[in-house]
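Chemist: Kindly return the folded structure for what I paste below:
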Amino acid sequence: MKYIHNVTVSVFAREEEDKIRIQEAMIGLLPEIDFEKEKVSVVSSTVEAHDKSLMYTYSLKVHKQRHVRHLLSVIFNSISPEEKQKLYDQRDNRIDGEGCFFLRLDKEFLMSKSKYKITDGGKCFHVRIKLAAYPKSKENAVKVFEELFASL
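Modeler: Below is the predicted model of the structure:
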């Protein structure tokens, strides 16, 4: 059964941050994947922050089911059982009306230790998981998430 349409990971970086390490961290979400061969890429853009400084955005979006499964297994196999349970317990609050499940990976923890940790803070890698719920409703998305969670 197809549980997910796509996964998007995005992160913001200030001008003084190490943008190469941020890109490497994003690529690390899909180890063993040849980005060029598989036509996967980290897309970057520049925006102006509210204080007029430059901010950089990086995003990675995967559609192929094997990439989606691989990315989710990397994240879910790397977080603690307590964090997994927290995500499951908060599933109603983490799923929006469009059927997207949201989580955040602590940016500082990932950048300093190359490990994944769930956070509610703002300095993070944003992960948006578009659940395959038919017909599209939050209730159906919650059911799909529960089935997905049981399969992880």
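Chemist: The residue most central in space within the chain is in what secondary structure piece?
Modeler: Using CA atoms, centre = their mean, the residue of the chain that lies closest to the mean C-alpha position is residue 127, 2.3 Å off. Here residue 127 sits within strand 124-131, counting by DSSP states H and E.
Chemist: ok so, going back, quick one, what contacts the residue nearest to the centre of the chain?
Modeler: 7, 8, 9, 75, 102, 103, 104, 105 (CB atoms under 8 Å, 6 or more residues apart in numbering). For every residue, glycine as well, the C-beta is placed using N, CA and C.
Chemist: so what's the second one up against?
Modeler: Okay, so that is residue 8. Residues near residue 8 by CB under 8 Å, 6+ apart: 59, 60, 61, 126, 127, 128, 130.
Chemist: let's go with 7 Å and repeat that
Modeler: Going by CB atoms under 7 Å, 6 or more residues apart in numbering, residue 8 touches 59, 61, 128.
Chemist: Quick one: buried ones out of these?
Modeler: 59, 61, 128 (16 or more other CB atoms under 10 Å).
Chemist: which non-adjacent residue is nearest the second one?
Modeler: If I follow you right, that is residue 61. Nearest residue to residue 61, sequence neighbours excluded (CB to CB, 6 or more residues apart in numbering): residue 8, at 4.5 Å.
Chemist: Counting only strands, which of the contacts of residue 127 make the cut?
Modeler: When DSSP state E defines the strands, the subset of the contacts of residue 127 inside them is 7, 8, 9, 102, 103, 104, 105.
Chemist: how about TSV for the residues you listed, with pLDDT and distance to residue 53 added?
Modeler: Below are these laid out as TSV (pLDDT from 0 to 100; distance: CB to CB, whole Å):
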residue	pLDDT	distance to residue 53
7	97	29
8	98	25
9	97	23
102	98	26
103	97	27
104	97	22
105	97	24
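Chemist: returning to what we had before: output the strand holding residue 127 as CSV, nothing but the C-alphas.
Modeler: What follows is strand 124-131, C-alpha atoms only, in CSV (Å, rounded to 0.1, in the frame of the first residue of the first chain):
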residue,chain,number,x,y,z
CYS,A,124,15.5,23.0,12.7
PHE,A,125,15.1,20.9,9.5
HIS,A,126,11.4,20.9,8.7
VAL,A,127,10.1,17.6,7.4
ARG,A,128,6.7,17.6,5.6
ILE,A,129,5.3,14.2,4.8
LYS,A,130,2.4,14.2,2.3
LEU,A,131,0.2,11.2,3.3
